[in-house]
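> sequence unknown, structure follows:
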């Protein structure tokens, strides 16, 4: 069974977001070994300058990389990444699994994004949209799309 994880910066704060993620975690268990690994968000000044932002991104990036095994297939969620349809993501995950990969990690950076090192480590850079979403909502949306991808591949009625 494929192991799928989301490695993300920070913790969910709002109960309704936690509840949504929890629901998708429960649903995904029938398709894969699913887990979420949270790394600490780097503290910053109220209005950090460019150097401080770069330091924040690098510190968070090191924490993210420490959570990734060398054999894990990494998908970095970033604005400059490729966009895929739900069907496209389903096909991609199917191809990865058929190709012998046993572990896939989706990575969501902090509010300032992902470090260059994390992006270099990625096997795929994926963008949800050209639109901007709240950082914490992105986690819920990604969980839903992962669930949808597995549902498509299993031929269930969830995806219409």
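Right, received. Where do you want to start? Worth saying up front: this structure is predicted, and the values here are computed from it rather than measured.

> shouldn't residue 17 be within a helix?
Yes - counting by DSSP: H, G, I helix; E, B strand; the rest coil, residue 17 is part of a helix.

> remind me, longest helix of this protein?
helix 135-154 (DSSP state H).

> give the contact list for residue 127.
Residue 127 sits next to 77, 78, 79, 80, 81, 82, 83 when contact means C-beta atoms under 8 Å, 6 or more residues apart in numbering. No exception for glycine: its C-beta is placed from N, CA and C like everyone else's.

> for the fourth one, which non-adjacent residue is closest in space?
In this case it means residue 80. In space, and not counting its chain neighbours, residue 80 is closest to residue 125: 6.5 Å by C-beta to C-beta, 6 or more residues apart in numbering.

> let's verify the residue nearest in space to the middle of the chain: helix, strand, or coil?
Centroid-nearest residue in the chain: residue 106, 3.2 Å away (criterion: C-alpha atoms, centre = their mean). The three-state label given to residue 106 by three-state DSSP is strand.

> related to what we said a few turns ago, now which of the contacts of residue 127 would you call buried?
77, 78, 81 (16 or more other C-beta atoms under 10 Å).

> my read is the first one is in a helix, agree?
I take that to be residue 77. No - under three-state DSSP, residue 77 sits outside any helix and is assigned strand.

> contacting residues around it?
106, 107, 108, 109, 114, 126, 127, 128, 138, 142.

> so where's this protein uncertain?
Low-confidence segments of the chain, defined by pLDDT under 70: 160.

> so which of the buried ones among the contacts of residue 127 comes closest to residue 159?
residue 77 (20.6 Å; C-beta to C-beta).

> who does that closest one form a beta bridge with?
Per DSSP bridges, the residues bridged to residue 77 are residue 108, residue 126.
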